[in-house]
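Asks: can't give you the sequence, but here's the structure:
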């Protein structure tokens, strides 16, 4: 199950935090992009499983290491995951821009 850790949300959060600390908390978009990359990775694996084995499902331990329950995705679920990943980056980018504008006005 450890080899599938890259498909889990706790791993995505850890990677986001590492990116923030590695680059000095200057830009929250790094964490959002890192988190979204994991979601996009899951979306790609779901899409690929559908291409190789049409009608099949792909399973991921999204809450690993807390539980080994497998969450299954199929069909157009990959598209919803991609939209989620894009939305996360978009929302964080807009919030980051608003914060930087507010900080520049206060100075």
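Replies: That came through, no problem. Please read all numbers here as calculations on a predicted model, not as lab measurements. Residues are numbered from 1 along each chain as shown.

Asks: Assign the residue most central in space within the chain to helix, strand or coil.
Replies: In the chain, the residue lying closest to the centroid (CA atoms, centre = their mean) is residue 36, at 2.8 Å. Under the three-state scheme (DSSP: H, G, I helix; E, B strand; the rest coil), residue 36 adopts helix.

Asks: What strands line up against the least confident helix or strand in the chain by mean pLDDT, and which way round?
Replies: Least confident helix or strand of the chain, by mean pLDDT, DSSP states H and E, is strand 57-60 with a mean of 86. In the sheet, strand 57-60 lines up against strand 71-74 (antiparallel) (DSSP bridges).

Asks: List the buried residues for the strand it pairs with?
Replies: 71, 73 (16 or more other CB atoms under 10 Å). Where you see a C-beta, it was placed from the backbone N, CA and C, and this is true even at glycine.

Asks: and it, how far out from the chain's middle?
Replies: Remark: strand 71-74 is offset 16 Å from the chain centroid, using CA atoms, centre = their mean, to the nearest Å.

Asks: Likewise for stretch 68-83?
Replies: Worked out by CA atoms, centre = their mean, stretch 68-83 lies 12 Å from the chain centre.

Asks: Residues contacting that stretch, please?
Replies: Stretch 68-83 is contacted by residues 1, 39-40, 42-44, 46-47, 50, 55-63 when judged by CB atoms under 8 Å, 6 or more residues apart in numbering.

Asks: likewise stretch 91-100?
Replies: Contacts for stretch 91-100 (CB under 8 Å, 6+ apart): 27-29, 31-32.

Asks: run the last query once more with 10 Å
Replies: By CB atoms under 10 Å, 6 or more residues apart in numbering, the residues outside stretch 91-100 that reach it are 27-33, 35-36.

Asks: Return the longest helix in the chain, judged by number of residues.
Replies: helix 77-106 (DSSP state H).

Asks: so residue 38 makes contact with residue 85?
Replies: Yes - counting by CB atoms under 10 Å, residue 85 is a contact partner of residue 38 at 8.5 Å.
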